[in-house]
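Colleague: Compute the structure for the input listed below.
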Amino acid sequence: MLTGTLFSVEIIDRPILFGPQRIVWTQHYIKRHYGLAVSTIRIVPKMIVVHYTAIPTLAASYRAFYPETLPSYRRRIADASPLNVSAHYLVDRDGTIYRLMPDDWMARHVIGLNYHAIGIENVGSDDLTPAQLDADTRLIRYLVDKYPTIHYLIGHYEYLRFEGSPLWMERDPQYRTIKQDPGRDFMRNLKRRFPRLKDRP
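Modeller: Predicted coordinates:
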């Protein structure tokens, strides 16, 4: 059980592989895409981005994030970096919350905004469950309490709204993808619970 000033949430630590090589590749990603030469991959979270995995099970979702290297089938984003995709949290269909990596390290989960964003992945696709909605709510309340710097909450499909804003850091004008996750209905219901968090710059 992790407890902030006001909110508590049960989180199970289930780390993905994040050794020295993944840290170096993250630093290279930050340099190439954001123009920053950094000695650490720590971030100051300013937003939360909610996703779905498009994978039906927890085990398969976890396996997708675990390796340090991007698998060969991710050709559309492979040119951008060999760094595998990742997220800070993974929420199973029954609402169990797993922490995959420290939430103040940069994960690769959203183009242009990684350096400011905590990523929450939900197992499944357009069939996310009420238990996941409730778990995301508890987790976001905990994170907002932990990090007063967080002012934004978006679905992955909304990330391009921030292009041109101070939070947008992507230097490659060709590096964009179209996203649908975590679904508009799910995100609409989640946002209703956080009226003070913004979804656009």
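
Colleague: Could you pull up the residues touching the residue lying closest to residue 25 once chain neighbours are set aside?
Modeller: Nearest in space to residue 25, with sequence neighbours left out and distances taken as C-beta to C-beta, 6 or more residues apart in numbering, is residue 83 at 4.1 Å. For glycine as for every other residue, the C-beta is placed from the backbone atoms N, C-alpha and C. Each residue near residue 83 by C-beta atoms under 8 Å, 6 or more residues apart in numbering is listed here: 22, 25, 26, 28, 29, 68, 69, 70, 108.

Colleague: Would you mind checking those for buried ones?
Modeller: 22, 25, 26, 29, 68, 70, 108 (16 or more other C-beta atoms under 10 Å).

Colleague: Just the pLDDT for the fifth one.
Modeller: If you check residue 68, the pLDDT there is 96.

Colleague: Kindly report the same for the second one.
Modeller: The per-residue pLDDT reported for residue 25 equals 95.

Colleague: Quick check: it touching residue 82?
Modeller: Yes: using C-beta atoms under 8 Å, residue 25 is in contact with residue 82, at 6.2 Å.

Colleague: Okay, helices next: where are they in the chain?
Modeller: With DSSP state H, the ranges of helices along the chain come out as 20-34, 58-65, 75-78, 130-146, 184-191.

Colleague: and the fourth one, what other elements does it pack with?
Modeller: If you count contacts as 3 or more C-beta pairs under 8 Å, 6 or more residues apart in numbering; DSSP states H and E, helix 130-146 packs onto strand 8-9, strand 47-52, strand 89-91, strand 97-99, strand 117-122, helix 184-191.

Colleague: Since that was my last question, I'll sign off now.
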